[in-house]
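[1] Sequence first, predicted model second:
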Amino acid sequence: MSLINLITIFSRISSVILSKELIVQDVVHGNNLRGAQENFRAFFGTTVQMCAILWKQLNDHSFLPERSHQHKHLLWALMFLKIYGTEHVMVKLAGCKSEKTFRKWTNVYIIALSNLTSSVVSSSAKNISFLKG
């Protein structure tokens, strides 16, 4: 799946989570793109484009269980990491039906994202020189 298709998918799914007025109209149709990007970043802590890249990386490295391939679950995890609210609040924001479901899928995706650090985060000497003292 191309990055453009993934960007469109994440834009549409985020509209379900945030409300149709906030994201989809703006991102898909190009209206008030800056405002839509700011709304997306405020809730998910990153851009739609980065979500598409993360999704591709997670699939390329097979960090997700076979049954868990739903884009909304990645957005739930990112929203949880960004906002870090109580489960009750996060379930309402995500539009999820139960805390158990929300907890299950956010944990799966947070663990998968943490597995990406070795392939995404640079560990070159110049980047970690401040650790030497």
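    Yes, it's here. Residues are numbered from 1 along each chain as shown.

[2] wait, residue 96 sits on residue 75?
    No: between residue 96 and residue 75 no contact is recorded; they are 11.0 Å apart, counting by CB atoms under 8 Å. (Glycine included, C-beta is placed from N, CA and C.)

[3] ok, the two, which is more surrounded?
    residue 75 (24 against 20; other CB atoms under 10 Å).

[4] in stretch 48-59, what's buried?
    48, 50-52, 54-55, 57-58 (16 or more other CB atoms under 10 Å).

[5] Please apply the same query to stretch 69-88.
    For stretch 69-88, the neighbour count (16+ other CB under 10 Å) marks 71-80 as buried.

[6] Tabulate the residues you listed (a markdown table), appending secondary structure, pLDDT and distance to residue 43.
    Output for the buried residues of stretch 69-88, formatted as a markdown table (DSSP: H, G, I helix; E, B strand; the rest coil; pLDDT from 0 to 100; distance: CB to CB, whole Å):
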| residue | secondary structure | pLDDT | distance to residue 43 |
| --- | --- | --- | --- |
| 71 | helix | 87 | 15 |
| 72 | helix | 89 | 13 |
| 73 | helix | 91 | 15 |
| 74 | helix | 91 | 13 |
| 75 | helix | 91 | 8 |
| 76 | helix | 92 | 11 |
| 77 | helix | 94 | 12 |
| 78 | helix | 94 | 8 |
| 79 | helix | 92 | 6 |
| 80 | helix | 94 | 11 |
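
[7] Closest to residue 3 out of the residues you listed?
    Among the buried residues of stretch 69-88, residue 71 lies closest to residue 3 (CB to CB), at 13.3 Å.
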